[in-house]
Every structure is written in C-alpha cells, then in structure tokens.
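[1] With the sequence up front, the predicted model follows.
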Amino acid sequence: MQTVKMVITGPFSSGKTEFIRAISEIDVVTTDREISSVAEREEKEQTTVAMDFGRITVDDDLVLYLFGTPGQRRFDFMWEILAEGMLGFIVMVDSAKPETFREAKSILETFRAYAPTPYVVAANKQDHPDAWQPDDMRIALRIEPEVKLLPCVAKERDSVRDVLLELLYTILEEME
C-alpha cells in the first residue's frame with residue numbers, strides 16, 4: 001500500500017482544520033487550544049497549536065495522510081517538522097479576507113523553500129458573499145499561471161475531495 005503525506009497550510013482561520021474534518025475517515029487528531037487574544041477570539045474560539053491529522057483511503061493501494069499546520073506565526077516552528085516527507089501541500093486562503101493574502105503568499109514561499117514538492121492553492125470560503133473570485137486572487141497573490149488555484153468550500157466534502165484530487169494528480173504528474 002502506498003501512503004502519501006500531504007500538508008494543509010495557510011494563515012490563521014483560513015479553514016485548514018475544517019478542510020481535514022470534512023474528508024477524514026477517522027476522527028481528526030487535533031491540538032486545538034482556546035484563544036487568548038480578544039481580536040482572534042472574535043473569529044473563532046480555538047486555534048491549532050501543533051497540528052491536525054486526518055486520513056483518507058483513496059483505494060486499496062493508496063492512503064492519504066493529511067497534516068494541518070498551525071496558522072499563527074508563533075507556532076511556525078512546527079511547519080518545518082510537518083513539511084518533512086511531504087509529497088505535496090495545499091495553501092488554504094480565505095477568499096473573503098484579502099488582508100490575509102500577503103500572509104498566505106509568505107507561507108506559500110516558506111513551504112516552497114522547505115521542499116520542491118507539488119502544491120495547489122485553495123481559494124476557500126467561496127460560499128461567502130465577500131469572497132474574491134479565484135482569477136482575481138491569482139493576480140493579488142501573484143500566483144503563476146501554471147499553479148492550480150482552485151475554488152473551495154472547506155466544509156463541503158466534495159469540494160475538499162476535488163482539491164485533494166487536483167494535488168494528487170499534480171504529484172503523480174511530477175513522478176512520471
């Protein structure tokens with residue numbers, strides 16, 4: 001059986017944990033803690049401090065291990081640890097929060113420096129009324145045309161599956 005390690009990364013509150021929860025066939029292992037910052041608590045009650053872990057069996061021969069990174073810079077020491085051995089990564093970006101785009105681009109560049117593995121960018125929260133369109137996000141994030149930038153709603157299993165499949169196809173193309 002082949003196992004593929006994929007890392008799900010992105011800024012604080014971009015949807016990484018939700019993404020893994022939507023598709024994992026096991027209860028997601030999380031390291032969430034209550035948020036102490038008042039400003040951050042307005043968005044959500046808890047944050048990932050080490051990692052999230054989920055698993056999805058694609059078929060008899062292939063299992064994906066999904067590792068979600070913490071989104072806050074104070075926990076970025078975990079990024080390099082989680083990146084070790086990854087065959088690809090997904091950068092989650094909150095489409096409705098352009099103020100996080102710069103951080104998302106910085107995280108993307110950090111992970112590209114860790115390993116020259118395939119990656120895709122997920123334009124999350126496409127169901128939000130303020131969501132930017134993926135084409136506009138590509139321009140704002142300065143994402144090269146050959147990089148897949150995919151619409152996503154992290155709470156919807158089918159949407160998550162589509163993003164994971166695109167990354168998997170990209171990984172397989174690189175292996176050929």
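    Noted; the coordinates are in hand.
[2] hey, where'd the strands end up in this structure?
    2-9, 29-34, 46-59, 62-68, 88-94, 119-124, 149-151 (DSSP state E).
[3] Nearest to Ala131, out of those strands?
    strand 119-124 (7.5 Å; Cβ to Cβ). No exception for glycine: its C-beta is placed from N, CA and C like everyone else's.
[4] mind checking which of the strands of the chain is nearest Asp130?
    strand 88-94 (9.9 Å).
[5] thinking again about what came up before, possible to save the strands of the chain as TSV with mean neighbour count?
    Output for the strands of the chain, formatted as TSV (neighbours: other Cβ atoms under 10 Å):
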stretch	mean neighbour count
strand 2-9	20
strand 29-34	14
strand 46-59	18
strand 62-68	21
strand 88-94	28
strand 119-124	27
strand 149-151	18
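[6] shaky segments in this structure?
    31-50 (pLDDT under 70).
[7] So Asp52 sits against Phe67, correct?
    Yes - counting by Cβ atoms under 8 Å, Phe67 is a contact partner of Asp52 at 7.2 Å.
[8] Tell me who's in contact with the nearest residue to Gly68 once chain neighbours are set aside.
    Nearest residue to Gly68, sequence neighbours excluded (Cβ to Cβ, 6 or more residues apart in numbering): Asp52, at 3.3 Å. By Cβ atoms under 8 Å, 6 or more residues apart in numbering, the residues touching Asp52 are Ile8, Lys16, Thr17, Ile20, Val28, Val29, Thr30, Thr31, Leu66, Phe67, Gly68.
[9] could you redo the last one with a cut-off of 7 Å?
    Neighbouring residues of Asp52 by Cβ atoms under 7 Å, 6 or more residues apart in numbering: Lys16, Thr17, Ile20, Val28, Val29, Thr30, Gly68.
[10] In the protein, what residue spans correspond to helices?
    Applying DSSP state H to the chain gives helices spanning 16-23, 38-41, 77-83, 101-114, 134-141, 157-175.
[11] Ok, which of the ones you listed comes nearest Val120?
    helix 157-175 (4.9 Å).
[12] mind listing what's buried in the closest one?
    Neighbour counts over helix 157-175 (16 or more other Cβ atoms under 10 Å) mark Ser159, Val160, Val163, Leu164, Glu166, Leu167, Leu168, Thr170, Ile171 as buried.
[13] give the contact list for the residue positioned nearest the centre of the chain.
    Geometric centre of the chain, nearest residue: Ile8, 3.1 Å, by Cα atoms, centre = their mean. Contacts of Ile8 were listed using Cβ under 7 Å, 6+ apart, and they are Lys16, Phe19, Ile20, Leu66, Phe67, Gly68, Thr69, Ile90, Met92.
[14] measure the first one to Val163 for me?
    Spelled out, it's Lys16. Applying Cβ to Cβ, to the nearest Å, one obtains 12 Å for the distance of Lys16 from Val163.
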